[in-house]
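# I'll drop the sequence and a predicted model, then ask my questions.
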Amino acid sequence: MCSDSLVGGWESVSKSVERQVVLPFGQVLRISFNSMVVRLSRSLITTATLALAIAFVAYIWSGYEILNSVWAQAESALRERILASGHEMIEGKFGSSPKDRWLAILSLIVCVVGIVNAQLMAVTERFREIGTFKCLGALNSFVVRIFVFEGIYQGLLGGVAGSVVGILVATVSLVLKLGWIAIRCWPLPGMALTVLWGLLLAALLSLLGVIYPALVAARMEPAVALRTEQ
Amino acid sequence: METPGDHDHNVVRLSEVTKIFRMGNNEVEALKGINFAIKAGEYLSIMGPSGSGKSTLFNMIGALDKPTSGRVFIDEVDVAQLDAYELAWLRCRKIGYIFQTFNLITVMTAIENVTLPMIFAGLNRDEYMAKGMELLKLVGLAERFQHKPSELSGGQQQRVAVARALANSPAIILADEPTGNLDLITGEEIITLLKELSTERGVTIISATHDIKMLNVSDRIVWIRDGRIDRVEERRDLKISVGEVKK
(Lines give C-alpha, C1' and ligand atoms only; values in the text may rest on other atoms or scores of the structure.)
Protein backbone atom coordinates (compact mmCIF):
# COMPACT_ATOMS: atom_id res chain seq x y z
CA MET A 1 0.00 0.00 0.00
CA CYS A 2 2.85 2.39 0.71
CA SER A 3 4.43 3.50 -2.54
CA ASP A 4 8.19 3.75 -2.82
CA SER A 5 8.35 7.28 -4.11
CA LEU A 6 7.11 8.59 -0.79
CA VAL A 7 9.79 6.85 1.20
CA GLY A 8 12.58 8.99 -0.20
CA GLY A 9 11.50 12.18 1.53
CA TRP A 10 11.41 10.83 5.04
CA GLU A 11 13.23 12.88 7.59
CA SER A 12 16.30 11.10 8.80
CA VAL A 13 16.69 11.25 12.56
CA SER A 14 18.63 14.39 13.28
CA LYS A 15 19.00 16.45 16.40
CA SER A 16 18.78 19.86 14.85
CA VAL A 17 15.68 21.96 14.80
CA GLU A 18 15.39 24.48 12.02
CA ARG A 19 13.37 27.64 11.81
CA GLN A 20 9.98 27.72 10.17
CA VAL A 21 9.79 29.78 6.98
CA VAL A 22 7.46 32.75 6.84
CA LEU A 23 4.76 32.16 4.24
CA PRO A 24 4.98 34.22 1.08
CA PHE A 25 2.55 37.10 0.86
CA GLY A 26 0.68 35.61 -2.07
CA GLN A 27 -0.22 32.47 -0.15
CA VAL A 28 -1.52 34.47 2.81
CA LEU A 29 -3.60 36.64 0.47
CA ARG A 30 -4.99 33.56 -1.26
CA ILE A 31 -5.83 31.65 1.93
CA SER A 32 -7.45 34.65 3.61
CA PHE A 33 -9.45 35.47 0.50
CA ASN A 34 -10.75 31.91 0.13
CA SER A 35 -11.45 31.77 3.82
CA MET A 36 -13.61 34.89 3.55
CA VAL A 37 -15.42 33.75 0.41
CA VAL A 38 -16.50 30.42 1.89
CA ARG A 39 -17.99 32.25 4.86
CA LEU A 40 -19.59 34.86 2.67
CA SER A 41 -22.84 35.30 4.56
CA ARG A 42 -20.98 35.61 7.87
CA SER A 43 -18.57 38.20 6.59
CA LEU A 44 -21.31 40.08 4.76
CA ILE A 45 -22.87 40.91 8.13
CA THR A 46 -19.66 42.57 9.28
CA THR A 47 -19.37 44.22 5.90
CA ALA A 48 -22.94 45.52 6.13
CA THR A 49 -22.22 47.16 9.51
CA LEU A 50 -19.27 48.93 7.92
CA ALA A 51 -21.18 49.85 4.80
CA LEU A 52 -23.93 51.51 6.81
CA ALA A 53 -21.54 53.66 8.84
CA ILE A 54 -19.57 54.65 5.75
CA ALA A 55 -22.79 55.35 3.84
CA PHE A 56 -23.80 57.84 6.51
CA VAL A 57 -20.45 59.62 6.42
CA ALA A 58 -20.33 59.57 2.62
CA TYR A 59 -23.88 60.95 2.49
CA ILE A 60 -22.85 63.95 4.56
CA TRP A 61 -19.61 64.57 2.67
CA SER A 62 -21.00 64.18 -0.82
CA GLY A 63 -24.05 66.27 0.05
CA TYR A 64 -21.77 69.22 0.81
CA GLU A 65 -19.70 68.56 -2.30
CA ILE A 66 -22.78 68.82 -4.48
CA LEU A 67 -24.11 71.87 -2.64
CA ASN A 68 -20.81 73.72 -3.02
CA SER A 69 -20.63 72.97 -6.71
CA VAL A 70 -24.29 73.90 -7.27
CA TRP A 71 -23.86 77.13 -5.29
CA ALA A 72 -21.15 78.36 -7.64
CA GLN A 73 -23.52 78.22 -10.61
CA ALA A 74 -26.82 78.86 -8.92
CA GLU A 75 -29.08 81.87 -9.52
CA SER A 76 -30.06 83.97 -6.55
CA ALA A 77 -33.53 82.38 -6.35
CA LEU A 78 -32.00 78.93 -6.08
CA ARG A 79 -29.43 80.19 -3.58
CA GLU A 80 -32.23 81.43 -1.40
CA ARG A 81 -33.99 78.08 -1.66
CA ILE A 82 -30.84 76.30 -0.58
CA LEU A 83 -30.42 78.55 2.45
CA ALA A 84 -34.12 78.30 3.25
CA SER A 85 -33.94 74.49 3.29
CA GLY A 86 -31.73 74.68 6.37
CA HIS A 87 -28.19 74.46 4.99
CA GLU A 88 -25.78 76.76 6.76
CA MET A 89 -22.85 78.44 5.09
CA ILE A 90 -19.63 78.81 7.00
CA GLU A 91 -17.09 81.23 5.49
CA GLY A 92 -18.78 81.14 2.08
CA LYS A 93 -18.78 77.34 1.84
CA PHE A 94 -20.99 74.49 2.89
CA GLY A 95 -19.05 72.27 5.17
CA SER A 96 -19.55 70.04 8.10
CA SER A 97 -20.84 71.96 11.03
CA PRO A 98 -19.73 70.77 14.47
CA LYS A 99 -23.10 69.03 14.82
CA ASP A 100 -22.57 67.02 11.63
CA ARG A 101 -19.08 66.11 12.68
CA TRP A 102 -20.27 64.79 16.01
CA LEU A 103 -22.98 62.77 14.33
CA ALA A 104 -20.46 61.21 11.95
CA ILE A 105 -17.98 60.43 14.71
CA LEU A 106 -20.72 58.88 16.83
CA SER A 107 -21.88 56.69 13.99
CA LEU A 108 -18.30 55.54 13.43
CA ILE A 109 -17.81 54.74 17.12
CA VAL A 110 -20.99 52.66 17.15
CA CYS A 111 -19.75 50.95 14.04
CA VAL A 112 -16.36 50.07 15.57
CA VAL A 113 -18.07 48.59 18.63
CA GLY A 114 -20.31 46.54 16.34
CA ILE A 115 -17.37 45.32 14.30
CA VAL A 116 -15.23 44.40 17.32
CA ASN A 117 -18.22 42.41 18.55
CA ALA A 118 -18.77 40.68 15.23
CA GLN A 119 -15.07 39.92 14.80
CA LEU A 120 -14.72 38.61 18.36
CA MET A 121 -17.54 36.19 17.60
CA ALA A 122 -16.06 35.25 14.25
CA VAL A 123 -12.60 34.62 15.71
CA THR A 124 -13.96 32.71 18.71
CA GLU A 125 -15.90 30.45 16.37
CA ARG A 126 -12.64 29.67 14.65
CA PHE A 127 -10.44 28.86 17.67
CA ARG A 128 -10.36 25.19 16.67
CA GLU A 129 -9.34 26.09 13.16
CA ILE A 130 -6.61 28.34 14.52
CA GLY A 131 -5.40 25.55 16.80
CA THR A 132 -5.30 23.19 13.84
CA PHE A 133 -3.37 25.74 11.77
CA LYS A 134 -0.81 26.00 14.55
CA CYS A 135 -0.49 22.23 14.87
CA LEU A 136 0.32 22.09 11.17
CA GLY A 137 3.12 24.61 11.57
CA ALA A 138 1.50 28.04 11.26
CA LEU A 139 3.34 30.91 12.88
CA ASN A 140 1.48 33.37 15.09
CA SER A 141 2.08 36.03 12.48
CA PHE A 142 0.30 33.87 9.89
CA VAL A 143 -2.82 33.68 12.04
CA VAL A 144 -2.78 37.43 12.62
CA ARG A 145 -2.25 38.12 8.93
CA ILE A 146 -5.13 35.88 7.87
CA PHE A 147 -7.53 37.86 10.04
CA VAL A 148 -6.02 41.24 9.18
CA PHE A 149 -6.40 40.57 5.46
CA GLU A 150 -9.93 39.31 5.89
CA GLY A 151 -10.61 42.53 7.81
CA ILE A 152 -9.11 44.62 5.02
CA TYR A 153 -11.13 42.82 2.33
CA GLN A 154 -14.29 43.37 4.31
CA GLY A 155 -13.29 46.98 4.90
CA LEU A 156 -12.71 47.66 1.22
CA LEU A 157 -15.94 45.95 0.21
CA GLY A 158 -17.93 47.77 2.90
CA GLY A 159 -16.18 51.03 2.00
CA VAL A 160 -17.09 50.81 -1.69
CA ALA A 161 -20.66 49.72 -1.00
CA GLY A 162 -21.13 52.35 1.71
CA SER A 163 -19.69 55.28 -0.25
CA VAL A 164 -21.68 54.39 -3.37
CA VAL A 165 -24.91 54.13 -1.39
CA GLY A 166 -24.16 57.37 0.52
CA ILE A 167 -23.35 59.32 -2.64
CA LEU A 168 -26.42 57.92 -4.40
CA VAL A 169 -28.75 58.90 -1.58
CA ALA A 170 -27.21 62.38 -1.31
CA THR A 171 -27.53 62.94 -5.07
CA VAL A 172 -31.10 61.71 -5.28
CA SER A 173 -32.24 63.77 -2.29
CA LEU A 174 -30.62 66.93 -3.69
CA VAL A 175 -32.09 66.33 -7.13
CA LEU A 176 -35.51 66.11 -5.51
CA LYS A 177 -34.84 69.29 -3.53
CA LEU A 178 -33.06 71.46 -6.10
CA GLY A 179 -33.83 69.89 -9.47
CA TRP A 180 -31.52 68.63 -12.25
CA ILE A 181 -28.91 71.27 -11.58
CA ALA A 182 -27.58 68.91 -8.91
CA ILE A 183 -26.74 66.42 -11.67
CA ARG A 184 -25.39 69.01 -14.08
CA CYS A 185 -22.98 70.29 -11.45
CA TRP A 186 -22.12 66.84 -10.11
CA PRO A 187 -18.52 67.22 -8.88
CA LEU A 188 -16.74 64.12 -10.14
CA PRO A 189 -13.29 64.71 -8.54
CA GLY A 190 -14.89 65.53 -5.21
CA MET A 191 -16.96 62.35 -5.37
CA ALA A 192 -13.93 60.24 -6.26
CA LEU A 193 -12.21 61.71 -3.23
CA THR A 194 -15.22 60.84 -1.07
CA VAL A 195 -15.06 57.21 -2.24
CA LEU A 196 -11.34 57.12 -1.55
CA TRP A 197 -11.80 58.49 1.95
CA GLY A 198 -14.67 56.08 2.50
CA LEU A 199 -12.44 53.16 1.50
CA LEU A 200 -9.60 54.23 3.77
CA LEU A 201 -11.91 54.86 6.68
CA ALA A 202 -13.65 51.52 6.26
CA ALA A 203 -10.38 49.59 6.04
CA LEU A 204 -9.12 51.40 9.14
CA LEU A 205 -12.29 50.71 11.13
CA SER A 206 -12.26 47.08 10.07
CA LEU A 207 -8.63 46.72 11.11
CA LEU A 208 -9.38 48.33 14.47
CA GLY A 209 -12.11 45.76 15.00
CA VAL A 210 -10.12 42.71 13.98
CA ILE A 211 -6.68 43.33 15.43
CA TYR A 212 -7.43 42.59 19.07
CA PRO A 213 -9.35 39.32 18.53
CA ALA A 214 -6.70 38.18 16.06
CA LEU A 215 -3.85 38.84 18.50
CA VAL A 216 -5.67 36.94 21.25
CA ALA A 217 -6.28 34.01 18.93
CA ALA A 218 -2.75 33.89 17.57
CA ARG A 219 -1.13 33.81 21.01
CA MET A 220 -3.10 30.79 22.25
CA GLU A 221 -1.28 27.51 22.77
CA PRO A 222 -2.55 25.04 20.15
CA ALA A 223 -3.83 22.68 22.84
CA VAL A 224 -5.88 25.45 24.44
CA ALA A 225 -7.33 26.51 21.10
CA LEU A 226 -8.21 22.91 20.21
CA ARG A 227 -9.92 22.29 23.55
CA THR A 228 -12.55 24.94 22.91
CA GLU A 229 -16.01 23.65 22.03
CA GLN A 230 -17.57 24.65 18.77
CA MET B 1 13.35 -3.94 21.78
CA GLU B 2 12.73 -4.85 18.17
CA THR B 3 12.20 -1.61 16.42
CA PRO B 4 13.26 -0.57 12.96
CA GLY B 5 15.66 2.33 12.67
CA ASP B 6 17.85 3.73 15.36
CA HIS B 7 17.54 1.53 18.41
CA ASP B 8 18.96 3.67 21.16
CA HIS B 9 17.67 7.00 20.02
CA ASN B 10 15.02 8.64 22.19
CA VAL B 11 12.56 10.48 19.97
CA VAL B 12 10.66 11.79 22.94
CA ARG B 13 11.77 12.03 26.54
CA LEU B 14 9.77 13.42 29.43
CA SER B 15 11.41 14.37 32.68
CA GLU B 16 9.34 15.11 35.82
CA VAL B 17 6.56 16.62 33.73
CA THR B 18 3.64 18.06 35.68
CA LYS B 19 0.64 20.01 34.47
CA ILE B 20 -1.75 21.95 36.64
CA PHE B 21 -4.93 23.46 35.26
CA ARG B 22 -6.44 26.38 37.14
CA MET B 23 -10.19 26.66 36.98
CA GLY B 24 -11.24 29.61 39.09
CA ASN B 25 -9.92 28.84 42.56
CA ASN B 26 -9.62 25.13 41.86
CA GLU B 27 -6.38 23.55 40.83
CA VAL B 28 -6.50 20.30 38.94
CA GLU B 29 -3.26 18.36 38.74
CA ALA B 30 -3.59 16.56 35.44
CA LEU B 31 -0.04 15.21 35.36
CA LYS B 32 1.88 14.46 38.55
CA GLY B 33 5.43 13.90 37.47
CA ILE B 34 5.87 11.80 34.35
CA ASN B 35 9.25 10.29 33.47
CA PHE B 36 9.33 8.43 30.24
CA ALA B 37 11.28 7.85 27.05
CA ILE B 38 10.04 6.75 23.65
CA LYS B 39 12.43 5.07 21.21
CA ALA B 40 12.61 5.81 17.51
CA GLY B 41 10.38 3.58 15.42
CA GLU B 42 8.28 2.41 18.32
CA TYR B 43 4.53 1.90 18.15
CA LEU B 44 3.42 3.11 21.54
CA SER B 45 -0.07 3.24 22.98
CA ILE B 46 -1.03 5.37 25.95
CA MET B 47 -3.98 3.75 27.67
CA GLY B 48 -6.09 5.02 30.50
CA PRO B 49 -9.60 5.95 31.52
CA SER B 50 -10.93 9.35 30.53
CA GLY B 51 -9.74 12.05 32.90
CA SER B 52 -6.52 10.18 33.61
CA GLY B 53 -4.35 12.82 31.98
CA LYS B 54 -3.97 10.93 28.73
CA SER B 55 -4.80 13.82 26.45
CA THR B 56 -2.76 16.23 28.55
CA LEU B 57 0.22 13.92 28.19
CA PHE B 58 -0.45 13.72 24.47
CA ASN B 59 -0.36 17.53 24.24
CA MET B 60 2.94 17.61 26.15
CA ILE B 61 4.56 15.05 23.86
CA GLY B 62 3.35 16.93 20.81
CA ALA B 63 4.62 20.31 22.03
CA LEU B 64 1.07 21.61 21.83
CA ASP B 65 1.03 22.85 25.42
CA LYS B 66 3.59 23.93 28.01
CA PRO B 67 4.14 21.79 31.10
CA THR B 68 3.76 23.54 34.46
CA SER B 69 7.11 22.06 35.49
CA GLY B 70 9.52 19.48 34.14
CA ARG B 71 10.99 19.11 30.69
CA VAL B 72 9.96 17.65 27.37
CA PHE B 73 12.67 16.64 24.91
CA ILE B 74 11.92 15.89 21.29
CA ASP B 75 14.94 14.42 19.53
CA GLU B 76 16.86 15.37 22.67
CA VAL B 77 16.03 19.04 22.16
CA ASP B 78 14.35 20.75 25.11
CA VAL B 79 11.07 22.07 23.74
CA ALA B 80 11.00 24.90 26.29
CA GLN B 81 14.21 26.29 24.77
CA LEU B 82 12.73 26.67 21.30
CA ASP B 83 11.48 29.99 19.99
CA ALA B 84 8.19 30.36 18.11
CA TYR B 85 9.79 29.76 14.70
CA GLU B 86 11.55 26.58 15.81
CA LEU B 87 8.43 25.33 17.55
CA ALA B 88 6.37 25.88 14.40
CA TRP B 89 9.03 24.08 12.36
CA LEU B 90 8.94 21.17 14.81
CA ARG B 91 5.15 20.89 14.60
CA CYS B 92 5.26 21.21 10.86
CA ARG B 93 8.12 18.87 9.93
CA LYS B 94 8.79 16.50 12.77
CA ILE B 95 5.37 15.64 14.12
CA GLY B 96 2.15 14.65 12.38
CA TYR B 97 -1.03 14.98 14.44
CA ILE B 98 -4.17 12.90 14.19
CA PHE B 99 -7.13 13.80 16.40
CA GLN B 100 -10.23 12.03 17.62
CA THR B 101 -12.35 14.82 16.15
CA PHE B 102 -10.34 14.81 12.89
CA ASN B 103 -9.86 18.61 13.07
CA LEU B 104 -9.89 19.12 9.35
CA ILE B 105 -10.32 22.72 8.24
CA THR B 106 -14.02 22.59 7.43
CA VAL B 107 -13.96 25.27 4.76
CA MET B 108 -11.18 23.59 2.78
CA THR B 109 -11.35 20.62 0.42
CA ALA B 110 -9.57 17.32 1.09
CA ILE B 111 -6.61 18.25 -1.09
CA GLU B 112 -6.35 21.73 0.47
CA ASN B 113 -6.31 20.16 3.91
CA VAL B 114 -3.60 17.68 2.96
CA THR B 115 -1.41 20.28 1.27
CA LEU B 116 -1.66 22.88 4.06
CA PRO B 117 1.33 21.58 6.08
CA MET B 118 3.41 21.54 2.89
CA ILE B 119 2.41 25.13 2.12
CA PHE B 120 3.55 26.04 5.63
CA ALA B 121 6.79 24.17 4.96
CA GLY B 122 7.42 26.43 1.97
CA LEU B 123 7.02 23.92 -0.85
CA ASN B 124 6.00 25.24 -4.24
CA ARG B 125 2.62 24.51 -5.80
CA ASP B 126 3.74 21.70 -8.14
CA GLU B 127 5.50 19.88 -5.31
CA TYR B 128 2.69 20.08 -2.81
CA MET B 129 -0.07 19.25 -5.28
CA ALA B 130 1.80 16.18 -6.51
CA LYS B 131 2.55 14.93 -3.04
CA GLY B 132 -0.92 15.79 -1.81
CA MET B 133 -2.54 13.67 -4.52
CA GLU B 134 -0.08 10.86 -3.84
CA LEU B 135 -1.01 10.89 -0.15
CA LEU B 136 -4.73 10.92 -0.90
CA LYS B 137 -4.14 7.94 -3.19
CA LEU B 138 -2.30 6.23 -0.35
CA VAL B 139 -5.34 6.54 1.91
CA GLY B 140 -7.67 5.62 -0.96
CA LEU B 141 -9.39 8.97 -1.42
CA ALA B 142 -7.82 10.25 -4.62
CA GLU B 143 -11.17 10.65 -6.43
CA ARG B 144 -12.59 12.66 -3.55
CA PHE B 145 -9.87 15.30 -3.46
CA GLN B 146 -12.33 18.12 -4.21
CA HIS B 147 -14.75 17.17 -1.43
CA LYS B 148 -15.19 19.24 1.69
CA PRO B 149 -15.01 17.41 5.06
CA SER B 150 -18.80 17.75 5.44
CA GLU B 151 -19.20 15.70 2.25
CA LEU B 152 -17.07 12.85 3.61
CA SER B 153 -17.90 10.12 6.11
CA GLY B 154 -16.15 9.97 9.48
CA GLY B 155 -13.77 7.28 8.30
CA GLN B 156 -12.95 9.20 5.15
CA GLN B 157 -12.35 12.38 7.14
CA GLN B 158 -9.97 10.52 9.41
CA ARG B 159 -8.15 9.14 6.38
CA VAL B 160 -7.75 12.68 5.04
CA ALA B 161 -6.39 13.59 8.48
CA VAL B 162 -3.90 10.69 8.28
CA ALA B 163 -2.80 11.86 4.83
CA ARG B 164 -2.38 15.37 6.22
CA ALA B 165 -0.33 14.06 9.16
CA LEU B 166 2.01 12.40 6.65
CA ALA B 167 2.41 15.49 4.48
CA ASN B 168 5.89 16.54 5.57
CA SER B 169 7.12 12.99 6.20
CA PRO B 170 7.30 13.42 9.97
CA ALA B 171 9.44 11.22 12.22
CA ILE B 172 6.66 11.02 14.80
CA ILE B 173 2.95 10.55 14.35
CA LEU B 174 0.83 11.48 17.35
CA ALA B 175 -2.67 10.11 17.33
CA ASP B 176 -5.14 11.16 20.03
CA GLU B 177 -7.87 8.52 20.08
CA PRO B 178 -7.79 8.19 16.29
CA THR B 179 -10.49 5.53 16.31
CA GLY B 180 -12.66 7.16 18.99
CA ASN B 181 -15.28 8.51 16.60
CA LEU B 182 -15.16 5.66 14.08
CA ASP B 183 -17.02 2.39 13.73
CA LEU B 184 -15.23 -0.92 14.28
CA ILE B 185 -14.21 -1.65 10.70
CA THR B 186 -13.11 1.89 9.81
CA GLY B 187 -11.23 2.04 13.08
CA GLU B 188 -9.39 -1.13 12.18
CA GLU B 189 -8.49 0.31 8.76
CA ILE B 190 -6.93 3.33 10.40
CA ILE B 191 -5.02 1.12 12.86
CA THR B 192 -3.73 -1.05 9.99
CA LEU B 193 -2.64 2.05 8.12
CA LEU B 194 -0.74 3.34 11.15
CA LYS B 195 0.88 -0.05 11.73
CA GLU B 196 2.04 -0.15 8.10
CA LEU B 197 3.62 3.26 8.47
CA SER B 198 5.38 2.09 11.59
CA THR B 199 6.79 -1.14 10.13
CA GLU B 200 7.48 0.00 6.57
CA ARG B 201 8.85 3.46 7.23
CA GLY B 202 10.08 3.34 10.79
CA VAL B 203 7.81 6.18 11.82
CA THR B 204 7.35 6.46 15.56
CA ILE B 205 3.65 6.15 16.33
CA ILE B 206 2.37 7.43 19.66
CA SER B 207 -1.29 7.04 20.22
CA ALA B 208 -3.55 7.83 23.15
CA THR B 209 -6.41 5.40 23.12
CA HIS B 210 -8.75 3.20 25.01
CA ASP B 211 -9.40 1.01 21.99
CA ILE B 212 -8.42 -2.59 22.76
CA LYS B 213 -7.74 -3.20 19.05
CA MET B 214 -4.81 -0.82 19.32
CA LEU B 215 -3.08 -3.08 21.80
CA ASN B 216 -2.50 -5.87 19.30
CA VAL B 217 -0.32 -3.70 17.11
CA SER B 218 1.50 -1.75 19.81
CA ASP B 219 5.11 -2.47 20.76
CA ARG B 220 4.57 -0.99 24.20
CA ILE B 221 1.60 0.12 26.19
CA VAL B 222 1.76 2.80 28.85
CA TRP B 223 -1.06 2.79 31.35
CA ILE B 224 -1.90 6.16 32.86
CA ARG B 225 -3.88 6.53 36.05
CA ASP B 226 -4.50 9.77 37.98
CA GLY B 227 -1.77 11.66 36.18
CA ARG B 228 0.90 9.03 36.84
CA ILE B 229 2.31 6.15 34.86
CA ASP B 230 0.63 3.10 36.34
CA ARG B 231 2.59 0.46 34.45
CA VAL B 232 4.36 -0.12 31.16
CA GLU B 233 3.80 -3.36 29.27
CA GLU B 234 5.66 -4.90 26.36
CA ARG B 235 3.52 -6.46 23.68
CA ARG B 236 4.97 -9.91 24.37
CA ASP B 237 3.73 -9.92 27.94
CA LEU B 238 0.44 -8.43 26.94
CA LYS B 239 -0.54 -10.93 24.28
CA ILE B 240 -1.40 -13.40 26.98
CA SER B 241 -3.70 -11.09 28.89
CA VAL B 242 -5.36 -9.73 25.74
CA GLY B 243 -5.75 -13.30 24.56
CA GLU B 244 -7.71 -14.03 27.68
CA VAL B 245 -9.89 -11.00 27.27
CA LYS B 246 -10.65 -11.70 23.64
CA LYS B 247 -10.92 -15.52 24.16
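Received it, and whenever you're ready, just let me know what you need.

# which ones are touching residue A:204?
residue A:155 (CB atoms under 8 Å, 6 or more residues apart in numbering or on different chains). The way it works is simple: take the backbone N, C-alpha and C, and place the C-beta from them, glycine included.

# Leaving out the residues flanking it, which one is nearest to residue 95?
As the question left the chain open, I've gone with chain A. Spatial nearest neighbour of residue A:95, chain neighbours left out: residue A:64 (5.9 Å); criterion: CB to CB, 6 or more residues apart in numbering or on different chains.

# Oops, wrong one, chain B.
residue B:172 (4.9 Å).

# Also residue A:210?
residue A:151 (3.5 Å).

# For residue B:211, give me phi and psi.
Backbone torsions for residue B:211, taken as degrees, to the nearest 10, come to phi -90, psi 120.

# Now do the contacts for it.
By CB under 8 Å, 6+ apart, the neighbours of residue B:211 are B:177, B:179, B:180, B:187, B:191.

# Repeat the analysis, applying 7 Å as the threshold.
By CB atoms under 7 Å, 6 or more residues apart in numbering or on different chains, the contact set of residue B:211 is B:179, B:187.

# The one helix or strand residue B:11 maps to packs against which elements?
Element membership of residue B:11, judged by DSSP states H and E, is strand B:10-23. In terms of contacts (3 or more CB pairs under 7 Å, 6 or more residues apart in numbering or on different chains; DSSP states H and E), strand B:10-23 is packed against strand B:26-39, helix B:54-61, strand B:69-74.

# Mind putting those into a markdown table with mean pLDDT and distance to chain A?
Shown next, in a markdown table, are those (pLDDT from 0 to 100; distance: least, CB to the nearest CB, whole Å):
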| stretch | mean pLDDT | distance to chain A |
| --- | --- | --- |
| strand B:26-39 | 92 | 11 |
| helix B:54-61 | 90 | 4 |
| strand B:69-74 | 94 | 8 |
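
# Switch these over to CSV; also include mean neighbour count.
Listed next are these as CSV, based on neighbours: other CB atoms under 10 Å in any protein chain shown:
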stretch, mean neighbour count
strand B:26-39, 16
helix B:54-61, 25
strand B:69-74, 17
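
# Distance to residue A:79 added to these, as a markdown table?
Output for these, formatted as a markdown table (distance: least, CB to CB, whole Å):
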| stretch | distance to residue A:79 |
| --- | --- |
| strand B:26-39 | 75 |
| helix B:54-61 | 74 |
| strand B:69-74 | 79 |
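
# Residue A:39: which of those is closest?
helix B:54-61 (28.2 Å; CB to CB).

# That closest one packs against which elements?
Using 3+ CB pairs under 7 Å, 6+ apart, the elements in contact with helix B:54-61 are strand B:10-23, strand B:26-39, strand B:43-47, strand B:172-176, strand B:204-209.

# now for those, which one comes closest to residue A:30?
strand B:172-176 (28.4 Å).

# in the helix or strand just after that closest one, what's buried?
Using DSSP H and E, the next helix or strand after strand B:172-176 towards the C-terminus is helix B:184-201. Neighbour counts over helix B:184-201 (16 or more other CB atoms under 10 Å in any protein chain shown) mark B:186-191, B:193-195, B:197-199, B:201 as buried.

# what residue ranges in chain A score low on pLDDT?
Residue ranges of chain A with pLDDT under 70: A:1-15, A:96, A:229-230.

# for it, what spans make up the helices?
A:4-7, A:25-38, A:40-73, A:76-84, A:98-125, A:127-135, A:140-178, A:181-184, A:188-219, A:222-227 (DSSP state H).

# out of those helices, deepest packed?
helix A:127-135 (a mean of 24; mean count of other CB atoms under 10 Å in any protein chain shown).

# Which strands or helices does that helix pack on?
For helix A:127-135, the packing partners by 3+ CB pairs under 7 Å, 6+ apart are helix A:222-227.

# Any residue of the helix it packs on touching chain B?
Yes - judged by CB under 7 Å from any CB of the partner chain, helix A:222-227 comes into contact with chain B at A:222, A:223, A:224, A:226.

# What residue, apart from its backbone neighbours, is nearest residue B:120 spatially?
residue A:137 is the one closest to residue B:120 (CB to CB, 6+ apart), at 4.0 Å.

# Return the residues in contact with the residue nearest to the spatial centre of chain A.
Compute the mean C-alpha point of chain A, and by CA atoms, centre = their mean the closest residue is residue A:155, 1.3 Å away. Neighbour list for residue A:155: A:50, A:202, A:203, A:205, A:206, A:207 [criterion: CB under 7 Å, 6+ apart].

# so what's the closest residue to it other than its chain neighbours up against?
Setting aside the residues directly before and after it, residue A:155 is nearest to residue A:206 in space (CB to CB, 6+ apart), at 3.2 Å. Counting by CB under 7 Å, 6+ apart, residue A:206 touches A:50, A:115, A:151, A:152, A:154, A:155, A:158.
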